[in-house]
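Undergrad: Quick check, what structure comes out for this input:
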Amino acid sequence: MMLLNHRRAIELAAGTLLATIVLFAMVGFDVTRAAVQPVDDAWLDAMEAVRFAPLEAVAKVLDVVGGTWVTAPLRLGVGVWLVFRRRWAHFSALALAVAVSEVGIGLFKGLVARPRPPDVLVHVTGFSFPSGHATAGAVTALALVIVLLPPGPARWRWEVRAALFVLAMALSRTYLGAHWLSDAVAGTLFGTAAVLVSVVVVIGLRNRLRPRWFPEAARSSSPSPPLAGATSIDGSTPDR
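TA: Got it, this is the predicted structure:
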């Protein structure tokens with residue numbers, strides 16, 4: 001399961017971050033983007049070939065769900081609830097993931113300045129790379145599962161559902177012609193990396209700074225050594 005072991009969490013975060021950097025570098029430079037574009041063109045042609053009304057309707061619903069008017073209030077509401085419950089580590093991980101992803105989306109869109117596909121079925125603004133909807137979908141779905149549910153079978157099931165939602169969000173962006181395939185994949189990787197790295201950072205800080213800054217960690221049944229034992233974000237030991 002995700003993030004039950006700190007060392008494995010670090011490896012997973014590092015691997016996702018590396019894949020994000022590689023794809024961003026490939027699309028970010030004109031020379032390497034030339035190798036990516038034929039794949040993007042072929043995927044867009046395939047999406048246009050299978051368009052029909054019911055799937056377009058589903059994709060347009062996801063367009064709304066992944067937009068700021070839905071994700072921002074949801075994140076804010078969960079953040080306020082975490083603060084109210086004094087779950088500072090959980091709140092810190094969520095806030096850091098959101099901040100990194102939102103700043104990164106604007107920064108990379110401006111740096112790469114990639115035009116969008118020619119036939120877009122929904123209203124869009126700004127440049128194409130990376131997909132903001134794919135990034136926001138990954139950050140929101142994955143982060144909320146991690147900060148709201150303790151490790152165990154229930155969270156594993158919700159992690160699978162979150163992953164399926166993230167996949168659907170990414171595919172919907174290409175189905176609507178709002179993004180190239182590499183935009184959606186990059187956004188998904190970036191959002192996932194933002195969550196995993198943020199959780200790893202907060203866990204590391206919690207282990208070093210508790211109980212002064214993260215008093216909830218002091219209430220766990222027993223401390224665990226760095227990179228071993230229980231590594232749920234609140235420091236609790238998962239049921240086995």
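
Undergrad: CA only for contacts and neighbour counts going forward, please
TA: OK.

Undergrad: Do I have it right that His133 meets Ala59?
TA: No. Contact criterion C-alpha atoms under 8 Å: His133 and Ala59 do not qualify, at 11.7 Å.

Undergrad: Return every residue with contacts to both of the two.
TA: Residues within reach of His133 and of Ala59 at once, by C-alpha atoms under 8 Å, 6 or more residues apart in numbering, are Met169, Arg173.

Undergrad: Pick out whichever of these two has more residues nearby.
TA: Each of His133 and Ala59 has its neighbours counted (other C-alpha atoms under 10 Å); His133 has more, 29 against 23.

Undergrad: do you know how far the closest residue to the more buried one other than its chain neighbours is from Leu107?
TA: With sequence-adjacent residues excluded and distances taken as C-alpha to C-alpha, 6 or more residues apart in numbering, His133 is closest to Gly66, at 5.2 Å. Gly66 sits 19 Å away from Leu107, going by C-alpha to C-alpha, to the nearest Å.

Undergrad: In terms of neighbours, single out the busier of these two.
TA: Using other C-alpha under 10 Å, the more surrounded residue of Gly66 and Leu107 is Gly66, with 22 against 13.

Undergrad: Quick check: which element contains Asp41?
TA: helix 30-49 (DSSP states H and E).

Undergrad: Show me what that helix is in contact with.
TA: Residues contacting helix 30-49 (C-alpha under 8 Å, 6+ apart): Ala25, Met26, Val27, Thr174, Tyr175, Gly177, Trp180, Leu181, Ser182.

Undergrad: of the residues you listed, closest to Ala72?
TA: Proximity of the contacts of helix 30-49 to Ala72 (C-alpha to C-alpha) peaks at Thr174, which lies at 22.7 Å.

Undergrad: So for Leu181, what's the nearest residue that isn't a sequence neighbour?
TA: Asp40 (5.3 Å).

Undergrad: Now do that neighbour, the pLDDT please.
TA: On pLDDT, Asp40 comes in at 97.

Undergrad: count of residues packed around it?
TA: Neighbours of Asp40 under the rule other C-alpha under 10 Å: 18.

Undergrad: Please report the distance of Ala134 from Gly191.
TA: For Ala134 relative to Gly191 (C-alpha to C-alpha), the value is 7 Å.

Undergrad: picking up where we left off before, how much space between the residue nearest to Leu181 and Pro117?
TA: Between Asp40 and Pro117 the distance is 10 Å, computed by C-alpha to C-alpha.
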